[in-house]
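Student: structure for the following, please:
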Amino acid sequence: MAKQIIRIATRESLLALWQAEHVKKRLESLYADIQVELVKMTTRGDQILDRTLSKVGGKGLFVKELEVALLEGRADMAVHSLKDVSTQLEAGFELVAVLEREDDHDALVSEHFDTLEALPKGAIVGTSSLRREAQIRALYPHLTVKPLRGNVQTRLNKLKQGDYHAIILAAAGLKRLALSHEIKQILPYDVSLPAVGQGALGIEILSSRQDIRALLKPLICPITTACTSAERKVSTLLGGSCQVPLAAHATHKDGQLFLQALVAMPDGSRVVKADAWAPVDQAEHLGETVAQQLIQLGAKEILECQLS
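Tutor: Residues are numbered from 1 along each chain as shown. Below is the predicted model:
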């Protein structure tokens, strides 16, 4: 009997392909009667490398073409880095599975320096993220932060060419690509609070595909789902996008979630932070609580200043 073919839409970067292959292996190990194929494509986010994401439409540029493949029936599911997925999907699409999280820290990579503290005045730090930029500027105003786009290998090559003294990348991507040896420093949360959903994989389908939803159920990680639900609620309520330096990160301990979040000016001149605990089954309520704390501390004024 012929196997059922399931198609995964994915970007063509090495990291995206690793993520899609990871899901493929998981599914094929669960179901002997299916064969998983990858539908590879290049997105607008991959093509535009001369401008920061905040200036060309945001992280959604990495997702749109994959959603079109779902709509046109060329793919049955799309695998994303969860931090690239909007908290408000268009009608007809659904995020149905969040997988277990990899290391969610940011990481310092440098040829000559082992820590952020060791970087001298005027040293150039590369990052694609306003969130990272704002936090670095707030804590290390003597450093120069410059934009850095491209896939992981492209960014590492720019560092090795001497364009930057150090760069900041997600630890998860480096570890998934067997590049842990490049990490000089894992940045603690009080130095660089991660992006919403950082380190987690999300799988998107058409809401009508109940058959695919059922296949994916065993891949769901309940704890990662709860943590990222709290984080994504903060982003939803504050209108988070890559145009806004916003961070939110939740951890789990003994049935409780601890959520930290911040909103900042891109230059680091103002940063507001909030945190709270709640039972794991109240993840979205926890996100609402922390978002309201940030609003009371002036987060809306900071966001309005940037978006005006």
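Student: what's the closest non-adjacent residue to Ile5?
Tutor: Gln35 (5.3 Å; Cβ to Cβ, 6 or more residues apart in numbering). For glycine as for every other residue, the C-beta is placed from the backbone atoms N, C-alpha and C.
Student: just to be sure, the one you found is in a helix?
Tutor: No. Read with DSSP: H, G, I helix; E, B strand; the rest coil, Gln35 is strand and lies in no helix.
Student: for it, what are its contacts?
Tutor: Lys3, Gln4, Ile5, Ile6, Glu28 (Cβ atoms under 8 Å, 6 or more residues apart in numbering).
Student: likewise for Ile167?
Tutor: Leu108, Val109, Ser110, Val125, Gly126, Thr127, Leu148, Arg155, Leu156, Lys158, Leu159.
Student: 6 Å - rerun?
Tutor: Residues near Ile167 by Cβ atoms under 6 Å, 6 or more residues apart in numbering: Val109, Gly126, Leu148, Arg155, Leu159.
Student: mind putting those residues into JSON lines with pLDDT and distance to His165?
Tutor: What follows is those, written out as JSON lines (pLDDT from 0 to 100; distance: Cβ to Cβ, whole Å):
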{"residue": "Val109", "pLDDT": "98", "distance to His165": "11"}
{"residue": "Gly126", "pLDDT": "98", "distance to His165": "9"}
{"residue": "Leu148", "pLDDT": "96", "distance to His165": "12"}
{"residue": "Arg155", "pLDDT": "97", "distance to His165": "14"}
{"residue": "Leu159", "pLDDT": "98", "distance to His165": "8"}
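Student: any idea which residue sits dead centre in the protein?
Tutor: Nearest to the geometric centre of the chain sits Lys83, at 2.4 Å (Cα atoms, centre = their mean).
Student: please report how far that one lies from Gly202.
Tutor: Separation of Lys83 from Gly202 (Cβ to Cβ, to the nearest Å): 9 Å.
Student: so where's the stretch 151-300 of the chain uncertain?
Tutor: 240-242 (pLDDT under 70).
Student: thinking again about what came up before, thought the residue nearest to the centre of the chain was touching Ala195?
Tutor: Yes. At 4.5 Å, Lys83 counts as touching Ala195 under the criterion of Cβ atoms under 6 Å.
Student: excluding chain neighbours, what is closest to Glu12?
Tutor: That would be Lys40: by Cβ to Cβ, 6+ apart, it lies 4.7 Å from Glu12.
Student: helix, strand or coil: sort out the residue nearest to the centre of the chain for me.
Tutor: Under three-state DSSP, Lys83 falls in the helix class.
Student: what do you get for Pro218?
Tutor: helix.
Student: neighbours of it, just the number please.
Tutor: 11 (other Cβ atoms under 10 Å).
Student: for the closest residue to it other than its chain neighbours, phi and psi?
Tutor: Leaving aside its chain neighbours, Pro218 sits nearest to Leu30 (5.8 Å; criterion: Cβ to Cβ, 6+ apart). Leu30 has phi and psi values of phi -80, psi -40 when expressed as degrees, to the nearest 10.
Student: alright, I will stop here.
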